[in-house]
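Visitor: pasting the sequence and the predicted model now:
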Amino acid sequence: MKKSYFIFPIILMVAFYFYYRNFTVENAIKEAEEEKQRIELIAAEEAQQAEAELRAKEDSDRRTAEREASDAEKIAERRAKWAASGQEIADDTAKYSTEGDKFAQEKADLELTLLETRNAHQKLSAETFELRKAVELGLVAKRTAELNERRFVEMVSIRAKASAMAQMPPPPPPPTD
């Protein structure tokens, strides 16, 4: 076997080892610096947060006092509006109740008129139907009578042709002289 198959990979492994070791040392230094910066940043943020919390608490107390005062005003306004709207609703209820009763009476009158009109229409429709029925029955009777008359005339003409009385007698014999 060739020696290059063993030598070349070993050389590459040695090169990789030195490169890896160099990288891990640099990376460890960089991570240490980042950790130091992160710790400093956290300390600065905690100081800012404590100061912000103090300001927020003072501001919150001031806003709470203002909000309670404005809430008391709003509650008084709402109660006044509620009383006014309650009176307005009562007035509107009485007004519309009266109108509703008037419209209910008008509806009852209109329904009665509609019922009378429907009954009159049904009566007229029934009369019209009966009259048309009588006319059709008359026409049917007329047609039947005409057909019977034709049949009777044909029967008489057939019997007359068949009877001896209706036929011409034979001509007399020529005179013999």
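Guide: Noted; the coordinates are in hand.
Visitor: where along the chain do the helices fall?
Guide: Secondary structure of the chain by DSSP state H: the helices cover 4-162.
Visitor: where does it dip in pLDDT?
Guide: Within the chain, the set of residues satisfying pLDDT under 70 comprises 1, 164, 166, 177.
Visitor: mind redoing it with 80?
Guide: Segments of the chain classed as low confidence (criterion: pLDDT under 80) are 1-4, 162-171, 176-177.
Visitor: and for E35, the neighbour number?
Guide: If you count neighbours by other C-beta atoms under 10 Å, E35 ends up with 10. C-beta coordinates here come from the backbone N, C-alpha and C atoms, glycine included.
Visitor: quick check: it vs E26, distance?
Guide: Using C-beta to C-beta, to the nearest Å, one obtains 15 Å as the distance from E35 to E26.
Visitor: could you count how many residues lie near I39?
Guide: Taking other C-beta under 10 Å as the neighbour definition, I39 ends up with a count of 10.
Visitor: report the distance from stretch 170-177 to the chain centre.
Guide: 108 Å (C-alpha atoms, centre = their mean, to the nearest Å).
Visitor: swap in stretch 140-154?
Guide: When C-alpha coordinates are averaged (C-alpha atoms, centre = their mean), stretch 140-154 and its chain have centres 66 Å apart.
Visitor: which of the residues in that stretch are classified as buried?
Guide: Using 16 or more other C-beta atoms under 10 Å as the burial criterion, none of the residues of stretch 140-154 qualify.
Visitor: now that stretch - C-alpha only, CSV.
Guide: Output of stretch 140-154 as CSV, limited to C-alpha atoms (Å, rounded to 0.1, in the frame of the first residue of the first chain):
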residue,chain,number,x,y,z
VAL,A,140,-125.0,21.3,-24.3
ALA,A,141,-128.8,20.7,-24.4
LYS,A,142,-129.0,22.6,-27.7
ARG,A,143,-126.2,20.6,-29.3
THR,A,144,-127.8,17.4,-28.1
ALA,A,145,-131.2,18.4,-29.5
GLU,A,146,-129.6,19.3,-32.9
LEU,A,147,-127.8,16.0,-33.0
ASN,A,148,-131.0,14.1,-32.2
GLU,A,149,-132.8,16.0,-34.8
ARG,A,150,-130.2,15.2,-37.4
ARG,A,151,-130.2,11.5,-36.4
PHE,A,152,-134.0,11.4,-36.6
VAL,A,153,-134.0,13.1,-40.1
GLU,A,154,-131.4,10.6,-41.3
